[in-house]
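In: Below is the sequence, then the predicted model.
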Amino acid sequence: MTHPRTITTPVRSHPVNRIETWFGQWKRIWLVTAFWAVATASLAGLLLAPVFGPPARFSWAFNPGPVGPGTQPPGTPSDTTALGLILLVGGLMLLLSIYLITRTPAIATSPRFLLLVLVVLLLTVLAARITLRDDTSAWAYAFPLAAASMTIAALLDSQLALVMGLVLAFLVGAVVGQSFMLSLLYAVGASVGAMSMGRVDRLRRFGIVGLMVGLAALPLAGAFAFIQYPQGRDLDHLLTPCLAALAGGELAAVLALSLYSFFGSLFGITTMLQLFDASRPNHPLLQRLLLEAPGTYHHSIVVAAMAERAAQNIGADSLLARVGAFYHDIGKVEHPQSFIENQFQGRNVHDSLSPVSSAKMLRYHISDGLRLANKHHLPARVRDCIAEHHGTLRMEYFYAKAARLAAEQGLEPPNENRFRYFGPRPRSKETAILMLADGIEPMVRAGQAGTTPEEMEQAIRLMCQDRLADGQFTNCGLTTQDLEGIVGAFLSILRGMFHQRIPYPETLIEDEQEAESESEAFSSTENFPPLAHPPIQQVS
């Protein structure tokens, strides 16, 4: 079985590249080291601080016996017990830190992502210290620890959420006396929540995952009830923990949805709710685009349909691709007449400008778009679509015009950097798809890509090869298999939007006009002959 080849370019062994790689690795290590120290100190303080109740004590027995003579009374741990708990917390945080460094480098090098992980850890343990008083109460079985793993899975990474859920199961289990039972119960719920969450594309996803968490904890709660009360014949001993565990799953879903929305906005992480809000047709920016740059608006709608279908084909975020396409050219509203799709009177402002001035004017729509996006608080990933959809592409028309003028005047060829966008190049599959759709749609509309599906497919493939040869896809993770899916998706959309129509016959138009005049002539009579030619409807 062959694996899809990732589109990359060879990395040159240059001293600058080696220094950047070394610095990036050390940045990751130092940030995670600071995270480990702060997390260990904070969590140990929460577990041992008496202000929140009796200090936490690990007890790995199902039914720990009474405190005997010479043993330390509960609530006043000895120095060795406190030291052991600190070492245990430090060890768990060390395992989490190693995972961050080795498996999630993007999170390990981001201070705000590390801060989000730390906040979720601290809030979960703090909530356990404040609310968990008795391990036999129904609340101990309903405690929504799975909300932490569901939130991290929805915002950051599912595998990281799984590791965090297991770590939190140990820490929260220390808050109550019989930690083994509850730790196992919490670990199962957190694991199911992390593995089932995935990418959030519907709000009901939270409810479904919460139900799965409750159903997974249900048999464990019943088993522990039998173990804890082996002589009990009352069904209350069985029903209470089972119902509490089932309700805890849905409670975790409600809490995870709230944290997902709040932390997404607080830490600058694009969420489904933000994308839905930005996609509404009455958004002020979209309304302005429709009224001030209608040609660009229609272009954006078509590009959005193409990008959404392509993202679905390759497993990328289709909602982000669609919303990003809506706003990718939003900067054109500042100077709409500078772009050909908004020039309806046949006057092109670039005819009176030098190629360098025209290129500079076109580049402005990126910076103008980012300024408008920041002003209207568009999601961060949508702003990336605005900044990256042209990458560092060269404006071929104006570069060729400048080269022709230089050749006519006997001058040196122009510097192509003056005709390139500033970038950055696409850093995600969604922005790479948007770059291709933004280039293909005008070609098809202008008839430069042919009229048959075969000609369109050839034009799309040539566009992909051109962008690939220019190095635009080195940072986005596209594979050759992804490109095949993108080509098929574009064809399916373009064939439907720009299909050939049957022309309206001129002779039949004349006959219809004659029939209408005859109908008007006989309108005053009671009986008049039928039309010689019935009205002909256009076939599309």
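Out: Done, it's in.

In: quick one: the nearest residue to residue 338 once chain neighbours are set aside and residue 337, what's the gap?
Out: Spatially, and ignoring its direct neighbours in sequence, residue 338 is nearest to residue 361 (5.3 Å; Cβ to Cβ, 6 or more residues apart in numbering). Every residue, glycine included, has its C-beta placed from N, CA and C. Counting by Cβ to Cβ, to the nearest Å, the gap from residue 361 to residue 337 is 11 Å.

In: What of residue 373?
Out: Applying Cβ to Cβ to residue 373 and residue 337 gives a distance of 22 Å.

In: Those two: which is more packed in?
Out: residue 373 (23 against 15; other Cβ atoms under 10 Å).

In: Quick check, pLDDT for the more buried one.
Out: Model confidence at residue 373, given as pLDDT, is 97.

In: quick one: contacts for it?
Out: For residue 373, the contacting residues are 285, 327, 330, 382-383, 386, by Cβ atoms under 8 Å, 6 or more residues apart in numbering.

In: Format those residues as JSON lines; extra columns: secondary structure, distance to residue 469 and pLDDT.
Out: Output for those, formatted as JSON lines (DSSP: H, G, I helix; E, B strand; the rest coil; distance: Cβ to Cβ, whole Å; pLDDT from 0 to 100):
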{"residue": "285", "secondary structure": "helix", "distance to residue 469": "34", "pLDDT": "97"}
{"residue": "327", "secondary structure": "helix", "distance to residue 469": "28", "pLDDT": "98"}
{"residue": "330", "secondary structure": "helix", "distance to residue 469": "29", "pLDDT": "97"}
{"residue": "382", "secondary structure": "helix", "distance to residue 469": "28", "pLDDT": "97"}
{"residue": "383", "secondary structure": "helix", "distance to residue 469": "28", "pLDDT": "97"}
{"residue": "386", "secondary structure": "helix", "distance to residue 469": "25", "pLDDT": "98"}
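
In: Nearest to residue 161 among those residues?
Out: Of all these, the one with the least separation from residue 161 (Cβ to Cβ) is residue 382, at 24.5 Å.

In: Count residues in the vicinity of that closest one, would you?
Out: Number of residues near residue 382 (other Cβ under 10 Å) recorded here: 23.

In: Hmm, residue 278 and it touching each other?
Out: Yes: using Cβ atoms under 8 Å, residue 382 is in contact with residue 278, at 6.1 Å.

In: shared neighbours, those two?
Out: Residues touching both residue 382 and residue 278 (Cβ under 8 Å, 6+ apart): 323, 327.

In: circling back: biggest separation within the contacts of residue 373, which pair?
Out: Every pair in those was compared (Cβ to Cβ); the two farthest apart turn out to be 285 and 383, at 12.2 Å.

In: Stretch 393-400: which residues count as buried?
Out: Neighbour-count burial for stretch 393-400, counted by 16 or more other Cβ atoms under 10 Å, picks out 393-395, 398-399.

In: Return the set of buried residues in the host helix or strand of the residue nearest to residue 338.
Out: If you go by DSSP states H and E, residue 361 is part of helix 355-375. Of the residues in helix 355-375, those with enough neighbours to count as buried (16+ other Cβ under 10 Å) are 355, 358-359, 361-363, 365-366, 368-370, 372-373.

In: and of these, the nearest to residue 432?
Out: Checking these one by one against residue 432 (Cβ to Cβ), the nearest turns out to be residue 366, at 16.5 Å.

In: That closest one touches residue 421, doesn't it?
Out: Yes: proximity of residue 366 to residue 421 meets the contact threshold set by Cβ under 8 Å, at 6.6 Å.

In: residues bridging contact with those two, i.e. touching both?
Out: Common neighbours of residue 366 and residue 421 (criterion: Cβ under 8 Å, 6+ apart): residue 390.

In: Take the contacts of residue 373 and write them to JSON lines, including distance to residue 448.
Out: Formatted as JSON lines, the contacts of residue 373 follow (distance: Cβ to Cβ, whole Å):
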{"residue": "285", "distance to residue 448": "30"}
{"residue": "327", "distance to residue 448": "26"}
{"residue": "330", "distance to residue 448": "25"}
{"residue": "382", "distance to residue 448": "29"}
{"residue": "383", "distance to residue 448": "31"}
{"residue": "386", "distance to residue 448": "25"}
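
In: PyMOL command for the buried members of the residues you listed?
Out: One line in PyMOL is enough to select the buried ones among the contacts of residue 373; burial here means 16+ other Cβ under 10 Å:
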select buried, resi 285+327+330+382+383+386
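
In: Show me the shaky parts of this protein.
Out: For the chain, applying pLDDT under 70 flags the ranges 1-25, 27, 58-78, 134-136, 177-179, 230-236, 346, 498-540.

In: hang on, residue 85 packs against residue 44?
Out: Yes: with contacts counted by Cβ under 8 Å, residue 85 reaches residue 44, the gap being 6.7 Å.

In: circling back to that earlier point, out of the contacts of residue 373, flag the one nearest to residue 220.
Out: Comparing the contacts of residue 373 against residue 220 with Cβ to Cβ places residue 382 closest, at 42.3 Å.

In: which residues does that closest one contact?
Out: Neighbour list for residue 382: 270, 275, 278, 320, 323-324, 327, 373 [criterion: Cβ under 8 Å, 6+ apart].

In: and what of residue 353?
Out: By Cβ under 8 Å, 6+ apart, the residues touching residue 353 are residue 361.

In: what's it sitting at in phi/psi?
Out: Residue 353 adopts backbone torsions of phi -110, psi 160, taken as degrees, to the nearest 10.

In: re earlier: mind telling me the two of the contacts of residue 382 farthest from one another?
Out: Taking Cβ to Cβ, no two of those sit farther apart than 320 and 373, at 14.1 Å.

In: mind checking how far residue 264 is from residue 435?
Out: As judged by Cβ to Cβ, residue 264 and residue 435 stand 26 Å apart.

In: Same check on residue 112?
Out: Distance, residue 112 to residue 435, by Cβ to Cβ: 27 Å.

In: More neighbours: the two, which one.
Out: Remark: of residue 112 and residue 435, residue 435 carries more neighbours, 25 against 11, as counted by other Cβ under 10 Å.

In: could you redo the buried residues of stretch 393-400 as a markdown table and give each row secondary structure?
Out: Below are these laid out as a markdown table (DSSP: H, G, I helix; E, B strand; the rest coil):
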| residue | secondary structure |
| --- | --- |
| 393 | coil |
| 394 | strand |
| 395 | coil |
| 398 | helix |
| 399 | helix |
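
In: quick one: which of the residues you listed is nearest to residue 461?
Out: Taking Cβ to Cβ as the measure, residue 461 lies nearest residue 393 of these, at 17.6 Å.

In: Next, the contact list for that closest one, please.
Out: Contacts for residue 393 were tallied using Cβ under 8 Å, 6+ apart; they are 420-421, 435, 467, 470, 472.

In: Does residue 402 touch residue 416 like I think?
Out: No: Residue 402 is beyond contact range of residue 416, at 9.2 Å (criterion: Cβ under 8 Å).

In: more neighbours, these two?
Out: Neighbour totals were compared for residue 402 and residue 416, and residue 402 leads with 23 against 12 (other Cβ under 10 Å).

In: Can you tell me the closest non-neighbouring residue to the more buried one?
Out: Distance criterion Cβ to Cβ, 6+ apart; nearest residue to residue 402, sequence neighbours excluded, is residue 355 at 3.8 Å.

In: I'd guessed the one you found sits against residue 394; true?
Out: No: using Cβ under 8 Å, residue 355 is not in contact with residue 394; the gap is 11.9 Å.

In: residues near residue 98, how many?
Out: By other Cβ under 10 Å, the residues close to residue 98 number 13.

In: what does residue 129 give?
Out: Counted by other Cβ under 10 Å, the residues lying close to residue 129 total 23.

In: Tell me where the stretch 1-150 of the chain has helices.
Out: Counting by DSSP state H, counting those that start in this stretch, one finds helices in the stretch 1-150 of the chain at the ranges 15-48, 79-103, 105-108, 111-131, 138-142, 146-155.
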